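Engineer: return atomic coordinates for the entry below.
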Amino acid sequence: MYALESVEKALKWSAVLMALLGGLFLGGCDRRQQSAPPPVPEVATVTVQPQAIELTTELPGRTSAYLVAEIRPQVNGIVQKRLFKEGSDVKTGQVLYQIDPAPFEAARDSAKASLAKSEANLPVVRLKEIRYRALLAEKAVSQQDYEDKDAALKQAEADIAYWKAAVETARINLEYTRVTAPISGRIGKSNVTDGALVTAYQPVPLATIQQLDPIYVDVPQSTTELLRLKRRLEDNRLHQNGTSQSKVKLILEDGTAYQLAGMFKFRDVTVDPTTGSVVLRLVFPNPEGVLLPGMFVRAVVKEGISEHAILVLQQAVSRDPKGNPIALIVDAEGKIQQRRLTVDRAIGDKWLVSSGLASGDRVVVEGIQKIRPGVSVKVIPFDAARKADAEPGNMARPAGKAN
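Structural biologist: Predicted coordinates:
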């Protein structure tokens with residue numbers, strides 16, 4: 001009995017001892033694991049290199065006709081006939097309306113008759129003046145009698161001049177009964193019909209003609225952008241390239257690009273106080289009539305060429321708590337440094353950086369979430385092409401069809 005109890009006590013103490021030894025063994029393993037150095041994080045970087053790029057600005061605008069002519073009558077009368085098709089193209093000098101010419105024909109004939117009467121009376125008056133001039137030399141008539149005949153001659157000559165002008169006025173008014181197109185272009189709807197009474201220079205036009213080829217595009221540019229561009233040119237940070245600088249591209253309302261390039265015409269000199277902008281006028285060819293007055297478009301205007309522009313992928317730029325753009329770079333010692341950036345604009349999938357980066361900087365593109373400033377990292381080059389091919393949307397792209 002005593003032997004059995006001794007054996008049980010020995011077994012219990014053996015179990016306790018084994019547990020203690022196991023705990024000590026596990027604690028030693030944990031300490032060895034905790035003392036092991038953490039792995040060096042791996043990041044993908046892109047080395048920044050300055051490059052020459054052409055900077056453009058996309059500005060909203062609207063189209064307007066190159067020439068606009070509002071057709072108004074220059075004489076009073078009844079419209080006999082409309083001689084054009086609404087919405088058609090008309091040529092300069094084409095007759096658009098015919099106003100009743102009868103009253104103006106009568107006025108012309110009356111003026112011609114009065115002119116003929118004056119011209120018939122002129123020879124008799126001239127002969128009397130010549131005869132009295134000879135008699136005055138012989139003292140056969142008084143000076144007063146001669147002056148009366150001389151005044152009658154001048155009055156007859158003035159009557160002839162007056163009636164000639166009356167005939168010309170009547171002829172012009174008769175021509176005005178044929179209302180013609182002053183310019184070539186596309187004519188809109190007619191505001192009057194046959195039989196309507198019209199008056200000279202009435203406020204409501206009969207119709208409107210607009211020349212659409214070429215066509216204007218007016219785009220507003222803020223004075224802030226204008227001053228910024230001027231400073232960049234003065235600081236030689238931007239260079240303009242001669243005649244190609246005036247070429248402009250156009251994007252239509254549906255997002256498609258207009259096939260023909262336009263030209264920069266001029267910049268207005270007056271600032272709109274309500275918008276703080278000036279108007280840029282552009283001219284585009286429009287042979288197919290794609291552009292119509294009043295369309296909303298976007299003009300891509302060339303600012304110039306930046307010879308030493310620095311571009312960085314947008315995924316490499318983040319924001320600090322204050323919203324300032326920042327980027328992480330790897331310095332010469334392989335440690336992470338944080339740079340505060342000034343970005344100008346987005347160009348494709350990249351940011352144009354004005355300050356904060358220099359040539360040769362290695363900017364972290366991938367692995368940003370697992371690093372912080374001051375940490376040593378392992379650098380591998382960023383392969384943008386490999387990453388693009390690995391995207392799900394590009395895996396099914398057939399060979400030879402890559403953009």
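Engineer: looking at the chain, which strand is longest?
Structural biologist: For the chain, the longest strand by residue count, based on DSSP state E, is strand 51-71.
Engineer: report the buried residues of that one.
Structural biologist: By 16 or more other CB atoms under 10 Å, the buried positions in strand 51-71 come out as 53, 55-56, 59, 61, 63-66, 69, 71. C-beta here means a position set from N, CA and C on the backbone, and glycine is covered the same way.
Engineer: how close does residue 290 sit to residue 75?
Structural biologist: Distance, residue 290 to residue 75, by CB to CB, to the nearest Å: 39 Å.
Engineer: please say which of these two ends up with more neighbours.
Structural biologist: residue 75 (20 against 15; other CB atoms under 10 Å).
Engineer: sticking with residue 108, tell me its helix or strand.
Structural biologist: Using DSSP states H and E, residue 108 sits within helix 102-137.
Engineer: and that helix, what does it pack onto?
Structural biologist: helix 143-176 (3 or more CB pairs under 8 Å, 6 or more residues apart in numbering; DSSP states H and E).
Engineer: so which elements touch the helix it packs on?
Structural biologist: helix 102-137.
Engineer: from the chain's centroid, how far away is the helix it packs on?
Structural biologist: 65 Å (CA atoms, centre = their mean, to the nearest Å).
Engineer: one more: stretch 275-284?
Structural biologist: 7 Å.
Engineer: show me this protein divided up by domain.
Structural biologist: With domains defined by automatic domain parsing, the chain comprises 51-64+210-390, 73-100+177-204, 101-176.
Engineer: how about a markdown table for these, with mean pLDDT added?
Structural biologist: Conversion of the domains of the chain to a markdown table gives the following (pLDDT from 0 to 100):
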| stretch | mean pLDDT |
| --- | --- |
| domain 51-64+210-390 | 83 |
| domain 73-100+177-204 | 94 |
| domain 101-176 | 92 |
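Engineer: mind putting the ones you listed into CSV with distance to residue 38?
Structural biologist: Listed next are the domains of the chain as CSV, based on distance: least, CB to CB, whole Å:
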stretch, distance to residue 38
domain 51-64+210-390, 10
domain 73-100+177-204, 76
domain 101-176, 96
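Engineer: what's in contact with stretch 309-319?
Structural biologist: 46, 48, 50-53, 55, 325-328, 341, 343, 346-347, 349-353, 357, 359, 363-366, 368, 384 (CB atoms under 8 Å, 6 or more residues apart in numbering).
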